[in-house]
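**Student:** got a sequence here, can you model it:
(one chain, ligands or ions: 2)
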Amino acid sequence: MSETNYPNPWPAPTASGPLDATVTIPGSKSLSNRYLILAALGFRPVTLVGLLRSRDTELMMGALAALGVRCDVDPNVETTVTVTPPANGRFHGDVDVYCGLAGTVMRFVPGLALFADGPVRFDGDEQAYARPMKPVLDGLEQLGATVDYHGETGRLPFTITPPAELPSADDDAAHVAIDSSGSSQFISGLLLIGSRLPGGLELAHTGEKTPSLPHIRMTVADVNGAGGRALADEDARVWTVAPADLQLPERVVVEPDLSNAAPFLGAALIAGGTVRVPHWPVETTQPGGLLPGYLERMGATVSFPEHDGVRYCEVTAERGTIRGLGDFDLTAAGEIAPSLAAILVFADAPTRMIGIGHLRGHETNRLEALVNEIRRIGGEARELPDGIEIAPVPCDTLHGAVMESYADHRMATFAAMIGLAVPGVSVVNVATTRKTLPDFVGMWTGMLG
Ligand SMILES: O=C(O)C1=C[C@@H](OP(=O)(O)O)[C@@H](O)[C@H](O)C1
Ligand SMILES: C=C(OP(=O)(O)O)C(=O)O
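**Tutor:** Ligands and ions are numbered 1, 2, ... in the order given. Next comes the predicted model:
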């Protein structure tokens, strides 16, 4: 991942004037991969429309294929995919699942292994070996599975052997207790399969913090949208899922990825001008739904005009007017921290983004990576126990550099955002954006006209 391995860093374009762009954002990673799992848990085919086609969803479809689920891509529309679960609902065992660096694959697919007819082996990118896995696997062990670790305990790679018998329907709901303060995906991964347990699931979170709560609410909503009965008691940190036969509707339309809209809408604040994103939902379970409010607090004007029946999120700003936010709790939406950090480098006052200590276990240690890269271009930032502080420096002291992306899509888009206002920025391994955006460079240069 160093410069030596990627000899041709991508020269990030600077904005030569105010922007005026409409950018169409592909489907949500989080919704796409939840729908793929829920479709696989059903008993009839489901057609997903507007599915994200990027590395993380290809990995999910590859995992499902290994388990005996068919994913047929519409030959005319590559974002329309029909998912057919295995005929008897039993997933194939004695198979290999490759997770890449995708949190949603490594934390959501293990639950399916409970219903496989043999052991399922999981592996991923070497960088994924650093990502925490243990709580979700502990949860599966509490449900009777056996987990064999082939490297470090609690990390990829590992093999899950399903129990000979699942917890009995005569019992109450299976009780599972895990500490999910390292990632909301541990809770989501168990809630997604809870309906299939003969007595259902009662899941208690024993940790102090619950990061990314909107993502857990998204899981509850999606399970219920598939006919499940999931309930949250967020104060008690307990979730229950009643036994149910899950079945998504025949056709499900995926919303655009609102977190992936952040670099583009944020570009309007850094460069000045207007950027709009079509098909912005009126209501959403995506944490990216919080983005317009955050951008407004930073000084942008945000509106949601409708043209020809399409609803847009439109963000307008004047270059050089970004407001720092002081203490800024981002517990709910940590995944947009890198994009917000890029904007805040150009703010008029310091910001302490807090509630995001768990970003140290994301694709890379994002807090360390952000501090490194902000300092690399002459900015000022430091790690906090639970976040990062970004302090303003005069804009003319910022300078170009070859910026590292750490095989992290959001660090690559972070660097591109910096490059809008700092000439001479280039980005190592910009192709890593393929994790969730199949054509980031095309979209970015298109936005700049
Ligand atoms: O469930 C999901 O789809 C996600 C949950 C969040 O994970 P963390 O809770 O680990 O931050 C988020 O950051 C990730 O990008 C997607
Ligand atoms: C944390 C992220 O991804 P993952 O789904 O791999 O956890 C992210 O996309 O910001």
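**Student:** can you point out the buried residues in stretch 108-126?
**Tutor:** By 16 or more other CB atoms under 10 Å, the buried positions in stretch 108-126 come out as 108-116, 119-125. In this view, the C-beta of every residue, glycine as well, is placed from N, C-alpha and C.
**Student:** swap in stretch 434-444?
**Tutor:** Arg434, Lys435, Thr436, Leu437, Pro438, Phe440, Val441, Met443, Trp444.
**Student:** the third one against Leu52, yeah?
**Tutor:** Yep, that's Thr436 we're talking about. Yes - using CB atoms under 8 Å as the test, Thr436 is close enough to Leu52 to be in contact (6.9 Å).
**Student:** identify the contacts common to these two.
**Tutor:** Lys29, Asp257 (CB atoms under 8 Å, 6 or more residues apart in numbering).
**Student:** can you get me a residue count around Pro305?
**Tutor:** If you count neighbours by other CB atoms under 10 Å, Pro305 ends up with 11.
**Student:** name the element the closest residue to it other than its chain neighbours belongs to?
**Tutor:** Spatial nearest neighbour of Pro305, excluding adjacent residues (CB to CB, 6 or more residues apart in numbering): Tyr312 at 5.4 Å. Take DSSP states H and E as the rule and Tyr312 turns out to sit in strand 310-317.
**Student:** how about the backbone phi and psi for the closest residue to ligand 1 within the stretch 1-150 of the chain?
**Tutor:** When scored by CB to the nearest ligand atom, the stretch 1-150 of the chain has Ser30 as its residue closest to ligand 1, at 3.1 Å. Torsion angles at Ser30 (phi, psi; degrees, to the nearest 10) stand at phi -70, psi -40.
**Student:** using the three-state scheme, assign whatever residue of the stretch 301-449 of the chain ends up closest to ligand 2.
**Tutor:** Residue nearest to ligand 2 within the stretch 301-449 of the chain: Glu335 (3.7 Å; CB to the nearest ligand atom). For Glu335, the secondary-structure state derived from DSSP: H, G, I helix; E, B strand; the rest coil is helix.
**Student:** so how far is ligand 2 from the closest residue in space to it that isn't next to it in sequence?
**Tutor:** Among residues not flanking Glu335 along the chain, Ser259 sits closest, at 5.2 Å (CB to CB, 6+ apart). Distance of Ser259 to ligand 2, computed by CB to the nearest ligand atom, to the nearest Å: 7 Å.
**Student:** pretty sure the residue of the stretch 1-150 of the chain closest to ligand 1 contacts Arg217?
**Tutor:** No - with contact defined as CB under 8 Å, Ser30 and Arg217 do not form a contacting pair (11.3 Å).
**Student:** the residue of the stretch 301-449 of the chain closest to ligand 2 reaches Asp408, doesn't it?
**Tutor:** No - between Glu335 and Asp408 there is no contact under CB under 8 Å: 11.2 Å.
**Student:** joint contacts of the two?
**Tutor:** Residues touching both Glu335 and Asp408 (CB under 8 Å, 6+ apart) are His362.
**Student:** against the centre of this protein, work out the most remote residue.
**Tutor:** Asp170 (37.1 Å; CA atoms, centre = their mean).
**Student:** that one is in what secondary structure piece?
**Tutor:** Using DSSP H and E, no helix or strand contains Asp170.
**Student:** contacts only, for it.
**Tutor:** Residues near Asp170 by CB under 8 Å, 6+ apart: Gly199.
**Student:** can you tell me which of the buried residues of stretch 108-126 are in helices?
**Tutor:** Here DSSP state H is the test, and these give Phe108 as lying in helices.
**Student:** tell me the two of the buried residues of stretch 108-126 that are most distant?
**Tutor:** Phe115 and Asp125 (26.1 Å; CB to CB).
**Student:** from ligand 2, how far out is the nearest residue to His215 once chain neighbours are set aside?
**Tutor:** Using CB to CB, 6+ apart and skipping the chain neighbours, the partner closest in space to His215 is Ser184 (4.7 Å). To ligand 2, Ser184 is 9 Å away according to CB to the nearest ligand atom.
**Student:** show me what contacts the residue lying closest to Glu296 once chain neighbours are set aside?
**Tutor:** Of all residues not flanking Glu296 in the chain, Val302 sits nearest, at 4.9 Å (CB to CB, 6+ apart). Contacts for Val302 (CB under 8 Å, 6+ apart) come out as Pro292, Gly293, Leu295, Glu296, Cys313, Glu314, Val315, Thr316.
**Student:** give me the pLDDT for the closest residue to ligand 1 within the stretch 251-400 of the chain.
**Tutor:** Residue nearest to ligand 1 within the stretch 251-400 of the chain (CB to the nearest ligand atom): Glu335, separated by 3.4 Å. Predicted confidence (pLDDT) for Glu335: 98.
**Student:** all set, thanks.
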